[in-house]
Structure formats: structure tokens, C-alpha cells
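Participant: need the 3D shape of this:
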Amino acid sequence: MSKSLTTGSQALSPIPTLSQINVFPVKSIGGLSQSQAWVEKQGLCFDRRFMVTKKDGSMITARKHPELVKVTATLQPHGMTLSFPGISPLVLKYTDFTMNEANTKVWNDSFSAYTTLSKADAWFSHIIGEPVRLLYSGEQSNRIRPKIQQNVSFADGYPLLVISEASLDALNQRSSQHHTMDQFRTNLVVTGTDAFAEDGWKRIRIGEVEFESVKPCARCILTTVNPKTAEFNERKEPLVTLSKFRSDASGDVFFGQNLVALNEGVIKAGDPIEVLETKPREIYPDNSEINLTLTCVEREDIARDFCTFWLEPAKQQTLPAYQPGQHLPLQVEINGEYVARRYTLSSSPSRPGKYAISVKRVDDGRISNWLHDRFMVGDTLVAEKPDGSFHLGPHTDKLLLLSAGSGITPMLSMLRYLADHDQIRDVVFYHQCRSQLDIPCQQELAKLAEDHPQLSIHIALSRPEKAWQGLTGRLNTAHLQQIPDLAERQVFVCGPDAFMTNAKQLLLDAGLDESNYHQEAFGPAKGNRAANKSVTISIDGNLFQGDNQLTLLEQAENAGLQVSNSCRAGFCGACKVTLESGEVEQPDVPALLPGEKEEGKVLACCCIPKTDIEVRS
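Facilitator: Residues are numbered from 1 along each chain as shown. The predicted structure is shown next:
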């Protein structure tokens with residue numbers, strides 16, 4: 001705990017204090033907290049003295065095998081016991097180790113380590129799902145890092161890592177999710193400091209040991225692994241948040257400081273931190289945006305199982321502007337887990353002060369059902385500023401707004417915007433749903449049609465009642481034939497995948513130029529929907545068979561090829577390669593700079609082949 005001293009009535013600043021010591025006996029497994037530790041120049045005693053490797057000695061980490069974080073260790077006088085859910089513990093005694101030399105590699109450092117036991121290899125092979133070995137560094141690691149001229153264990157690059165609790169608090173204040181120190185796998189945790197005070201430490205003393213700060217710690221995809229579930233965060237948090245205020249010009253993300261020990265000795269939790277020498281702090285541009293805290297001020301049922309939630313800003317925040325048709329990235333907490341989704345705004349930017357999302361209940365919609373059942377007036381959620389490329393833009397004349405199901409939400413925003421600006425000059429509004437009870441905003445649509453003669457409303461019901469006088473069935477050629485000047489219109493389409501596929505084909509067959517067709521994806525996230533197919537991949541002339549499901553980096557590694565990489569999350573650019581031929585699915589990520597996509601640059605860690613491809617590094 002941090003301490004505060006008082007002299008008379010004058011309060012002094014808290015004393016920086018070592019609050020936690022963590023070791024990770026096997027690289028990438030769960031951490032073990034200790035009340036005290038013996039510090040060696042190669043790192044804390046017992047820290048990263050073991051590593052899981054492939055048969056050829058290449059390292060295996062939780063970057064690719066996150067299940068490793070669920071392995072826990074119990075240290076014993078003559079060995080240790082490793083545990084993993086669902087299987088029997090692995091009991092290791094140092095005296096039983098075979099201790100045969102084995103060549104291994106951590107990043108670019110090649111050195112020799114030692115074999116342990118065949119039962120240890122089998123135990124980890126069962127967890128990883130492929131033949132692996134458990135190697136031991138020996139009492140003194142044979143790995144010498146040229147940058148620091150010291151022996152180092154199986155740690156990524158440096159013997160120790162320090163992070164202050166205040167730095168984690170600063171991250172959590174900016175992030176829409178809550179993060180724990182376990183995600184950052186630090187050896188030393190410090191309390192009683194300002195945020196990022198450790199950035200300014202050059203030399204410090206803790207207990208009997210003096211440490212030197214070598215460099216900031218560049219973070220990777222491993223920080224996005226949930227230590228309890230061993231699952232990657234779908235939004236790549238906390239890397240995304242850190243990239244906005246803790247990244248340099250190359251895109252590397254930094255959190256914590258790497259240390260080397262200048263002597264050996266004992267450190268204990270509760271020891272004060274004595275700052276012996278300071279250094280200038282690194283300066284990172286702050287490109288972060290403040291998250292919005294939105295309060296539900298009204299729930300409006302607009303159709304059967306279809307509810308509009310009206311949201312106002314809390315904390316005197318100003319709502320960012322948006323374009324009609326854009327969506328709102330938001331997060332809700334469900335049973336202690338933060339779940340993110342994007343919902344299109346059904347409100348119009350012409351009516352400032354409130355956002356509205358209209359959410360239809362769906363059978364497998366985790367958030368849609370939670371919102372309907374739990375999100376009430378007075379409740380709050382966290383959101384980012386609206387974004388998205390699907391919006392009305394400059395188009396106001398000769399429009400066709402075509403939707404089905406919840407796809408009506410961007411069309412409502414567009415129509416309300418046009419009406420508020422008296423720009424409904426020639427607009428056809430077509431919506432497809434099941435029955436009359438499922439028609440959203442019936443009264444509002446009828447009033448808009450009455451007030452604006454240039455607006456034509458078409459509702460098609462797939463299961464109409466007998467008294468229904470409007471269109472019936474799903475979108476078809478006969479429906480489109482009722483729309484005048486169809487080929488001259490700008491067409492905006494949103495709805496389920498099958499609806500949009502059918503709509504696009506019908507419209508193109510009817511003579512619509514594809515440049516006039518604008519489409520928005522809709523519905524719950526479903527992952528990669530492409531049918532599995534085999535593709536041929538060439539990397540620097542090395543040919544192998546792959547597929548259209550895994551990233552290029554994963555497939556290269558599975559084929560035994562080494563591709564430079566670091567963060568594995570699209571932030572650092574270490575895996576950037578040039579696409580010579582073929583097509584890949586490449587998401588927008590920070591490490592791809594403006595214009596690089598056009599130059600054929602892709603990131604192996606996050607691009608997925610769509611066809612046969614050829615790349616060069």
C-alpha cells in the first residue's frame with residue numbers, strides 16, 4: 001500500500017512503493033505473485049526459466065496459443081507443479097531432468113537450452129494440440145543479449161518489467177473496457193506514483209537491488225488475451241486505446257519500462273522505491289478521443305420487438321456530429337463482460353442533443369436482447385463517436401431507400417434529415433418486413449408522405465393479413481417496376497445478407513449502374529462467412545497450400561516459414577509485406593499508412609488470402 005507522511009499540518013507526497021512481485025515460471029503461462037524475490041542479473045529467480053517450443057526449438061507463446069495463460073504454477077523446494085483445467089497436474093522435479101542440450105530461439109537470439117522430461121513434452125503437447133517440448137534455461141541462461149551485454153532468461157527481450165498502478169488507472173480512464181495488471185504480465189508493480197512516473201526513471205533502488213531502466217516496453221497482441229478465459233479481445237483492447245496516446249511514429253505501442261538489475265539481492269513487496277536518477281520522459285502524441293457516456297432518456301416501441309432508445313450525453317459532454325446513415329460504436333457490460341457492437345443511428349443530425357438507436361430483438365442477438373430486457377430509462381452505456389462510410393453524403397435527388405428488417409434504421413435517419421431540410425424532392429422509401437405489426441414508425445411514415453408529395457412509401461409484407469392492400473412477398477422485379485426512373489436513382493440498401501444479395505442483382509439487371517448502388521452490412525457479427533477453399537500461397541518464392549480462413553502469418557508459420565512479426569495485431573508494421581498478385585482481405589489497421597494499400601502493402605498478421613497470392617517481404 002502507498003504511504004503518506006505528515007509533518008505538522010503539511011502533507012507530503014506518497015512514497016513510491018513496490019506493491020506486487022510476479023514471476024512467470026514458464027514463458028506465457030499465468031503469473032505467480034510472491035511476497036519477496038531473489039533478483040539475479042538474468043531476471044527474477046524462477047521467472048521465465050522454462051519455455052514451450054516446437055520440435056525445431058522455435059518458441060511457442062500465448063500470442064498464437066492463448067490457452068497457455070490458463071496454465072498455473074506452484075513452486076516447490078525441488079521443482080514445481082503445473083496445472084491446467086480438465087487434465088491431471090504435471091509434477092516436475094529438477095533432478096529428474098534429462099538436461100540434454102537443445103538449440104532454441106527467442107526472436108533473433110539463438111542459444112542452447114536443456115530438455116526436461118518426456119512427460120512434460122506430452123503434457124504441453126496435449127494442451128497445444130501439436131508435438132512440442134518443454135525446455136529449461138539451466139540455472140544460468142546461455143542467452144546473452146548484445147544490447148545489454150547480460151544473460152537473459154526466456155523473457156522476450158529484457159530481464160524485468162515495471163508498471164505503476166497509476167498508469168493502469170490512466171489507461172482505464174480512457175478505455176471503454178476495464179483492464180487488469182495481469183494482462184500486462186509485469187514483474188514489478190508500483191503504487192504511490194503519478195501516472196507513467198516510471199517513464200522518467202533512469203536508475204532506481206528497491207530493497208538490496210539497483211535497477212536501470214533500459215527502454216519502454218513495446219506491447220503486443222498478448223495484452224488482449226483475457227487471463228481468465230484465454231480468449232482474444234474482439235476489439236483488440238487495450239492496444240487500440242493505448243495506440244491513441246502511447247504510440248510512436250512507427251506505430252509501436254508502449255506501456256511499462258524494461259529494467260536490468262545492476263546487482264543481485266532480495267526485494268520485498270512493501271519496499272520503497274528510491275529514484276536515484278531520472279531521464280526525460282518519452283513524448284507520445286495524444287490522439288485519443290473521449291468516450292461518450294450516454295443515458296437512456298426514453299424507450300419508444302416502434303414495432304413488434306423493435307424499440308428505439310433515445311440517448312442523451314452525461315457529464316455535460318457535447319455529442320459529436322454525424323452523417324445520416326452512420327453507426328454508433330457502443331459497449332455494454334453483461335455479467336461482468338464488456339461486449340461491443342455497432343448500431344446505426346436512426347436519429348437525424350438535424351435534431352441535435354440526442355442520439356437514437358432502434359434495435360430489433362433477434363433470437364441470437366446477445367446485446368439486442370439485453371437492451372430490450374435490461375436497458376431502462378436512467379441507465380447508461382459507453383460509446384465512441386459515430387462513424388461509417390455508409391451515409392447520405394451529397395445525394396438528395398432521385399433516391400431509393402431500400403431496406404428490410406432492422407435495416408430500416410439508416411433509412412429513417414436519412415429520411416428524417418431530408419424532411420428537416422426540405423430536401424425530399426424525389427424519394428422512394430421501400431421497406432420489407434413480415435406483417436403489419438412489424439412495420440416500424442407507421443404513423444411517422446404516413447405523416448411524412450402526407451407532408452411531402454415527392455415522397456413515395458412502399459411497404460412489402462412477406463406474411464400479410466387478408467385485409468392488406470399493399471405489396472406482398474419479398475423484393476422482386478414486379479416491385480421494382482413500380483419505381484419510376486429506377487436506373488437514374490442513387491440507391492441505398494440495408495438489410496440481412498440474403499436481402500441485399502437479391503436486391504443488388506435485381507437492381508443491376510434492371511439497368512442500375514453499380515456506381516449508384518450503396519450497401520451497408522447489417523445484423524449480428526458472424527465472423528468469416530466465406531466458404532472454406534484452398535489457395536496457393538507464395539512467400540518470397542516459397543510455395544505452400546493454404547486457405548481463405550487463417551491469416552497469412554498463421555499459415556506461413558504452420559508451413560514452417562518465418563515471417564518477421566512482433567505485435568500480431570496490426571499496430572507495429574513488423575510483418576508488412578508486398579502483395580505481388582492475388583487478393584487478400586486486409587482490415588484497416590494503424591500500421592498501414594495512407595497510400596500503402598494502393599502500393600500493395602499488406603500486414604501478414606491480419607490479412608487473409610481470398611485467392612492464390614504471391615507476396616514478397
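Participant: drop to CA atoms for contacts and neighbour counts, all remaining ones
Facilitator: OK.
Participant: neighbours around residue 594, how many?
Facilitator: A total of 9 residues lie near residue 594 under the criterion other Cα atoms under 10 Å.
Participant: how about residue 576?
Facilitator: Neighbours around residue 576, by other Cα under 10 Å: 20.
Participant: my guess is it meets residue 600, correct?
Facilitator: No. Between residue 576 and residue 600 there is no contact under Cα atoms under 8 Å: 10.1 Å.
Participant: who touches both of those two?
Facilitator: The contact sets of residue 576 and residue 600 do not overlap (Cα atoms under 8 Å, 6 or more residues apart in numbering).
Participant: confidence-wise, which helix or strand of this structure is lowest on average?
Facilitator: Using mean pLDDT, DSSP states H and E, strand 6-7 stands out as the lowest-scoring helix or strand of the chain, at a mean of 39.
Participant: what ranges do the helices span in the protein?
Facilitator: Under the criterion DSSP state H, helices of the chain are mapped to 118-128, 165-174, 239-245, 366-374, 408-420, 442-451, 477-480, 497-509, 552-558.
Participant: dead centre of this structure: give me the residue that sits there.
Facilitator: With distances taken as Cα atoms, centre = their mean, the chain has residue 236 as the residue nearest its mean C-alpha position (1.6 Å).
Participant: my guess is that one meets residue 221, correct?
Facilitator: Yes. Counting by Cα under 8 Å, residue 236 touches residue 221, with 7.5 Å between them.
Participant: which neighbours do those two have in common?
Facilitator: Taking Cα under 8 Å, 6+ apart as the contact rule, residue 236 and residue 221 both touch residue 569.
Participant: distance of residue 181 from residue 567?
Facilitator: Taken as Cα to Cα, to the nearest Å, the spacing of residue 181 relative to residue 567 amounts to 18 Å.
Participant: which of the two has more neighbours?
Facilitator: residue 567 (21 against 15).
Participant: list the contacts for the closest residue to the more buried one other than its chain neighbours?
Facilitator: Once its chain neighbours are removed from consideration, residue 567 has its nearest residue in residue 220; the separation is 3.7 Å (Cα to Cα, 6 or more residues apart in numbering). Residues counted as contacts of residue 220 (Cα under 8 Å, 6+ apart) are 63, 239, 253, 566, 567, 568, 569.
Participant: list the contacts for the third one?
Facilitator: Contact criterion Cα under 8 Å, 6+ apart gives 218, 219, 220, 239, 242, 243, 246, 247, 571, 572 as the residues in contact with residue 253.
Participant: so for it, what's the pLDDT?
Facilitator: Among the per-residue scores, residue 253 shows a pLDDT of 95.
Participant: kindly report the same for the fourth one.
Facilitator: For residue 566, the pLDDT comes out at 85.
Participant: now it: how far from residue 132?
Facilitator: Between residue 566 and residue 132 the computed distance is 22 Å (Cα to Cα).
Participant: looking at those two, which is more packed in?
Facilitator: For residue 566 against residue 132, the residue with the higher neighbour count under other Cα under 10 Å is residue 132, and the figures read 24 against 20.
Participant: pretty sure that one sits against residue 56.
Facilitator: No. At 9.0 Å, residue 132 and residue 56 do not qualify as touching, with contact defined as Cα under 8 Å.
Participant: just flag the most distant two among the contacts of residue 220.
Facilitator: Across the contacts of residue 220, the longest distance by Cα to Cα is 15.8 Å; it joins 63 and 253.
Participant: tell me the pLDDT of residue 527.
Facilitator: On the pLDDT scale, residue 527 gets 38.
Participant: now do the same end-to-end measure for stretch 92-104.
Facilitator: For stretch 92-104, the first and last residues are 21 Å from each other (Cα to Cα).
Participant: I would like the residues contacting it, please.
Facilitator: With contact meaning Cα under 8 Å, 6+ apart, stretch 92-104 is reached by 53, 56-59, 78-81, 110-117, 120, 135.
Participant: again, but for stretch 509-518
Facilitator: So stretch 509-518 is contacted by 390, 486, 487, 488, 489, 490, 491, 492, 493, 504, 508 (Cα under 8 Å, 6+ apart).
Participant: and residue 87, how many neighbours?
Facilitator: When neighbours are defined as other Cα under 10 Å, residue 87 has 10 of them.
Participant: who's in contact with residue 318?
Facilitator: Contacts of residue 318 were listed using Cα under 8 Å, 6+ apart, and they are residue 353.
Participant: one more time with 10 Å, if that's ok
Facilitator: When contacts are counted by Cα atoms under 10 Å, 6 or more residues apart in numbering, residue 318 is found next to 292, 312, 352, 353, 354.
Participant: pretty sure the first one contacts residue 381?
Facilitator: Yes. Taking contact to mean Cα atoms under 10 Å, the distance of 8.3 Å between residue 292 and residue 381 places them in contact.
Participant: which residues do those two both contact?
Facilitator: 176, 313, 314, 330.
Participant: quick one: which of the residues you listed sit in strands?
Facilitator: Residues from the shared contacts of residue 292 and residue 381 lying in strands, with DSSP state E as the criterion: 313, 330.
Participant: highest neighbour count among the shared contacts of residue 292 and residue 381?
Facilitator: Counting neighbours by other Cα under 10 Å, residue 176 leads these with 24 neighbours.
Participant: quick one: contacts for that one?
Facilitator: Neighbouring residues of residue 176 by Cα under 10 Å, 6+ apart: 237-238, 241, 290-293, 330-332, 338, 340, 381-384.
Participant: where in the protein is pLDDT low?
Facilitator: By pLDDT under 70, the low-scoring segments of the chain are 1-13, 521-530.
Participant: against residue 210, how distant is the nearest residue to residue 424 once chain neighbours are set aside?
Facilitator: Distance criterion Cα to Cα, 6+ apart; nearest residue to residue 424, sequence neighbours excluded, is residue 418 at 5.6 Å. In this structure, residue 418 and residue 210 are 68 Å apart, going by Cα to Cα.
Participant: next one: residue 356
Facilitator: For residue 356, the distance to residue 210 equals 57 Å [Cα to Cα].
Participant: residue 387 now?
Facilitator: As defined by Cα to Cα, residue 387 lies at a distance of 49 Å from residue 210.
Participant: go on, residue 57?
Facilitator: Computed as Cα to Cα, the residue 57 to residue 210 distance reads 34 Å.
Participant: ok, and the closest non-adjacent residue to residue 150?
Facilitator: Here the nearest residue to residue 150 in space, its sequence neighbours aside, is residue 144; by Cα to Cα, 6+ apart that works out to 5.4 Å.
Participant: which residues does that neighbour bridge with?
Facilitator: Residue 144 has the following beta-bridge partners by DSSP bridges: residue 151.
Participant: quick one on the thing from earlier: when residue 356 and residue 210 are compared, which one has more neighbours?
Facilitator: When residue 356 is set against residue 210 and neighbours are counted by other Cα under 10 Å, the residue ahead is residue 356, at 23 against 20.
Participant: report the contact partners of that one.
Facilitator: Residue 356 makes contacts with 296, 298-300, 308-312, 328, 343-348, 409, 413, as judged by Cα under 10 Å, 6+ apart.
Participant: just these: which are in strands?
Facilitator: Judged by DSSP E, strands contain the following of the contacts of residue 356: 296, 298, 299, 300, 308, 309, 310, 311, 312, 328, 343, 344.
Participant: what's the PyMOL line that selects buried ones from the residues you listed?
Facilitator: Those of the ones in strands among the contacts of residue 356 that meet the burial criterion (16 or more other Cα atoms under 10 Å) are gathered into one PyMOL selection, given here:
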select buried, resi 296+299+308+309+310+311+312+328+343+344
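Participant: could the ones in strands among the contacts of residue 356 go into JSON lines alongside distance to residue 101?
Facilitator: Compiled in JSON lines, those are given as follows (distance: Cα to Cα, whole Å):
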{"residue": "296", "distance to residue 101": "64"}
{"residue": "298", "distance to residue 101": "69"}
{"residue": "299", "distance to residue 101": "68"}
{"residue": "300", "distance to residue 101": "70"}
{"residue": "308", "distance to residue 101": "66"}
{"residue": "309", "distance to residue 101": "65"}
{"residue": "310", "distance to residue 101": "66"}
{"residue": "311", "distance to residue 101": "64"}
{"residue": "312", "distance to residue 101": "65"}
{"residue": "328", "distance to residue 101": "56"}
{"residue": "343", "distance to residue 101": "57"}
{"residue": "344", "distance to residue 101": "59"}
